[in-house]
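Novice: Just a sequence and a predicted model for now, questions to come.
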Amino acid sequence: MLAIKLQRVGKKHQPSYRLVVAEKKSKMAGPPIEDLGSYNATTKQGSFNKERILYWTGVGARPTVTMHNLLVKNGIISAPAKAVKMNKPKPKEAAPEEKPKAEAVAEAPKEEVTEEAKVEKKPEAELVVEEKPAETESPKVEEN
């Protein structure tokens, strides 16, 4: 399927485009079938080959949504503008408001920590006392 689309040719931060007829799924840098004009996005000026654009649309080439809106804006095609669908970023989960550390420390009641509380708070792995195997004593023989 043929498409009339924009092919970027500008420098970094200076977008400039060529209007081309190419396969719908072809790569942007691939060779186009025909060059139909140019469009400078910074100055919003363009030059369009109206006869060739109307020929390709008559043959069955469909302009992309952005290209369609550009052609409608310049009066080459008489049709209503199409809505451009863009993916909206997913809203981040609302995190509870975090208080600064200074306020959190001031609001927290201070507890007296005793040694017993310290022992109780330790994980069980630390409370287990390692038992050493009892050393086998050799029987004592009394010599007379």
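Specialist: Happy to help now that I have it.

Novice: tell me which strands and helices the helix or strand where residue 38 lies is in contact with?
Specialist: If you go by DSSP states H and E, residue 38 is part of strand 34-40. With contacts defined as 3 or more C-beta pairs under 8 Å, 6 or more residues apart in numbering; DSSP states H and E, strand 34-40 has these neighbours: strand 16-23, strand 45-48, helix 50-59. Backbone N, C-alpha and C define where each C-beta goes, glycine included.

Novice: who touches stretch 64-84?
Specialist: The set of residues that contact stretch 64-84 without belonging to it, under C-beta atoms under 8 Å, 6 or more residues apart in numbering, is 3-6, 19, 39, 46, 48, 50, 53-54, 57, 63, 85.

Novice: If you compare the directions of the strand holding residue 38 and strand 16-23, what angle comes out?
Specialist: Computed by axes from the mean of the first three to the mean of the last three C-alpha atoms, to 10 degrees, the angle separating strand 34-40 from strand 16-23 equals 150 degrees.

Novice: what about residue 4, how many residues close to it?
Specialist: 24 (other C-beta atoms under 10 Å).

Novice: what are the phi and psi values for the nearest residue to it once chain neighbours are set aside?
Specialist: If the residues on either side of it in the chain are set aside, residue 4 comes closest to residue 63, at 4.2 Å by C-beta to C-beta, 6 or more residues apart in numbering. Dihedral pair for residue 63: phi -70, psi 150, per degrees, to the nearest 10.

Novice: wait, isn't residue 63 in contact with residue 5?
Specialist: Yes - Residue 63 is in contact with residue 5 according to C-beta atoms under 8 Å; the separation is 7.3 Å.

Novice: that older thread, would you mind checking the contacts of stretch 64-84 for buried ones?
Specialist: For the contacts of stretch 64-84, a neighbour count by 16 or more other C-beta atoms under 10 Å gives the buried set as 3-6, 19, 39, 46, 48, 53, 57, 63.
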